[in-house]
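> Provide a 3D model corresponding to the input given below.
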Amino acid sequence: MEKVLITGIAGGQGRLLARRLLENFEVCGVDRVAWEGHPREVAVHAVDLRKKRFEDVIRTEQPTVVVHMGFIRHFRAGASMRHDVNVRGTKQLLDHCVNHGVQSLVVLSSSYVYGAFPENPYYMDEDSPLSASRSYPEIRDLVEVDTLASAFLWRYPHIRTCVLRPANVLGYYVHSMIGQYLREPRVPTVMGFDPMMQFIHEEDLSEAIALALEHGLQGVFNVTGPGEVPLHTAIRETGGRALPMPEPIMRPLFDRLFRWGLISYPPGAIDYLKYPITVAGDRFVEATNFRPLFSLEEIFQSLRR
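All right, here's what the predicted structure looks like:
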């Protein structure tokens, strides 16, 4: 069996993926925090991607496959810390893949890298520009990671590199920013706006990653779920109540609350509550025959109070 190394294995998505890949791979993983109670078949190393010990793990485990999802996606860490872990950590990982015989690499990006703008077309494809940092500077590190991985794909064609850009991920185990937002009992929205939003269940995302590995995909792929709904519908179906706010009040309020640590999303996220980011997942479906198992109703049920 091939051996796969998962970065960020102790997170919710990492744990789900590890259990899914045990069907066909020998699995090991690294994370900056420990995974208590992990399956005995999974070797887990508490190590930082930026440290020399991480290269020692790769040299010892000798994985032929790497799935990279070891990012800081929340904003509790400072901007410099987040950038250093995400960008420098990724650069270190890519260098180790070249130097230690890794044959396949999957990097988990996000559809957020396209950015939320009024001119966005419906169903953006993978050739659309990555413009998120124009209006949402707090996630420029994720745009840089995606750009690094895309350049790596062309620079080292002998390593099968796949960049996945999934829609909003929801589920019981994954702690995404959109999940935190929808779990609020009163969910703030921008008055006069109700953008279409796409969602995918956490287990369907694990299946998509497994399919990317099984098919040896090389390239950039959007990954979508069973459809899209207006934001207010998602709020209602997850058990919340929309709280529309005028944007001139909402932006300074979010800025102040975010700086005080009272909310988890910066004011740049407001554009994602105004303008749609719907992506086309046809390329991934054609390559893998991927079909999401979880309906929108089941996805929302996983968050319902």
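> contacts for the lowest-mean-pLDDT helix or strand in the chain next, please.
Least confident helix or strand, the chain: helix 79-83 with a mean of 86, by mean pLDDT, DSSP states H and E. Applying CB atoms under 8 Å, 6 or more residues apart in numbering, the set of residues contacting helix 79-83 from outside is 72, 75, 138, 140-141, 144. For glycine as for every other residue, the C-beta is placed from the backbone atoms N, C-alpha and C.
> make it 10 Å
Contacts with helix 79-83, where a contact means CB atoms under 10 Å, 6 or more residues apart in numbering, come from 71-77, 89, 137-142, 144-145, 266.
> buried stuff in it?
82-83 (16 or more other CB atoms under 10 Å).
> chain center to the very next helix or strand once past that helix, what's the gap?
Remark: after helix 79-83, the chain's next helix or strand is helix 89-99, criterion DSSP states H and E. How far helix 89-99 lies from its chain's middle: 19 Å, per CA atoms, centre = their mean, to the nearest Å.
> pull out the buried residues from helix 89-99.
Buried residues in helix 89-99 (16+ other CB under 10 Å): 89-94, 96-97.
> which one of the residues you listed is nearest S133?
Nearest to S133 among the buried residues of helix 89-99 is T90, at 16.0 Å by CB to CB.
> show me the contacts for the closest one.
Counting by CB under 10 Å, 6+ apart, T90 touches 7, 49-50, 68, 70-71, 107, 141, 144-146, 148-149, 152.
> ranges for the helices of this structure?
Applying DSSP state H to the chain gives helices spanning 12-21, 52-61, 79-83, 89-99, 140-155, 177-182, 202-214, 231-237, 247-259, 282-288, 296-301.
> I'd like to know which of these lies nearest to P39.
For these, the distance to P39 is smallest for helix 12-21, at 7.0 Å, taking CB to CB.
> and the average pLDDT for the closest one is what?
Helix 12-21 shows a mean pLDDT of 96.
> D271: which of the helices of the chain is closest?
helix 247-259 (10.0 Å).
> who does the closest one touch, helix- and strand-wise?
Here helix 247-259 touches strand 186-190, strand 241-245, going by 3 or more CB pairs under 10 Å, 6 or more residues apart in numbering; DSSP states H and E.
> reformat the ones you listed as a markdown table; add mean pLDDT, mean neighbour count and distance to Y122.
Listed next are these as a markdown table, based on pLDDT from 0 to 100; neighbours: other CB atoms under 10 Å; distance: least, CB to CB, whole Å:
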| stretch | mean pLDDT | mean neighbour count | distance to Y122 |
| --- | --- | --- | --- |
| strand 186-190 | 95 | 18 | 19 |
| strand 241-245 | 96 | 15 | 23 |
